[in-house]
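Engineer: everything below, folded, please.
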Amino acid sequence: MPYGPISFVACLHLAAATPNHVIQEGGGNVAVSKNYLTQPLELLEGGFVAVPDGPGLGFELDEAKLIANDLLHDGNPSGHGKYALP
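Structural biologist: Sure, this is the predicted structure:
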């Protein structure tokens, strides 16, 4: 199961490209994506998720949301935030 919306999107792309793929776990990441992405993932009817179709993995991180939700740090391993942007 993917941990977080970023790895979840990567798994969605892999699942969409695999002809015999049946189910992708991690639907809770759809709701959490509102804290990370400029355009949160969309839950469709029947529990399906639309695979983002933009460049790369199809999404853009929202730096302001990452800072507001304390998910970003400056590279200092002080324990503040969880992720560092290059």
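Engineer: in space, what's closest to Lys34 - neighbours in sequence excluded?
Structural biologist: Distances taken as CB to CB, 6 or more residues apart in numbering place Pro40 nearest to Lys34, at 4.2 Å, with adjacent residues excluded. (C-beta placed from N, C-alpha, C; glycine too.)
Engineer: quick one: contacts for Leu37?
Structural biologist: By CB atoms under 8 Å, 6 or more residues apart in numbering, the contact list for Leu37 reads 5, 59-62, 65.
Engineer: show me the shaky parts of the chain.
Structural biologist: 1-2, 72-86 (pLDDT under 70).
Engineer: run through the strands of it in chain order.
Structural biologist: Remark: strands assigned in the chain by DSSP state E are 72-73, 83-84.
Engineer: what's the burial count for the closest residue to Lys65 other than its chain neighbours?
Structural biologist: Distance criterion CB to CB, 6+ apart; nearest residue to Lys65, sequence neighbours excluded, is Asn35 at 5.7 Å. Residues lying near Asn35 (other CB atoms under 10 Å) number 15.
Engineer: gap between Asn35 and Ile67?
Structural biologist: Distance, Asn35 to Ile67, by CB to CB, to the nearest Å: 11 Å.
Engineer: mind listing what Thr18 touches?
Structural biologist: No contacts exist for Thr18 under CB under 8 Å, 6+ apart.
Engineer: between the contacts of Leu37, which is nearest Val49?
Structural biologist: Within these, the smallest distance to Val49 is 10.3 Å, found for Pro5 (CB to CB).
Engineer: neighbours around the closest one, how many?
Structural biologist: 24.
Engineer: ok, now which ones touch it?
Structural biologist: Going by CB under 8 Å, 6+ apart, Pro5 touches 29-30, 32-33, 36-37, 41, 59.
Engineer: ditto for Val51
Structural biologist: Per CB under 8 Å, 6+ apart, neighbours of Val51: 9, 12-13, 16, 58.
Engineer: from Pro19, how far out is the nearest residue to Tyr36 once chain neighbours are set aside?
Structural biologist: If the residues on either side of it in the chain are set aside, Tyr36 comes closest to Pro5, at 5.3 Å by CB to CB, 6+ apart. Note on Pro5: its distance to Pro19, by CB to CB, is 25 Å.
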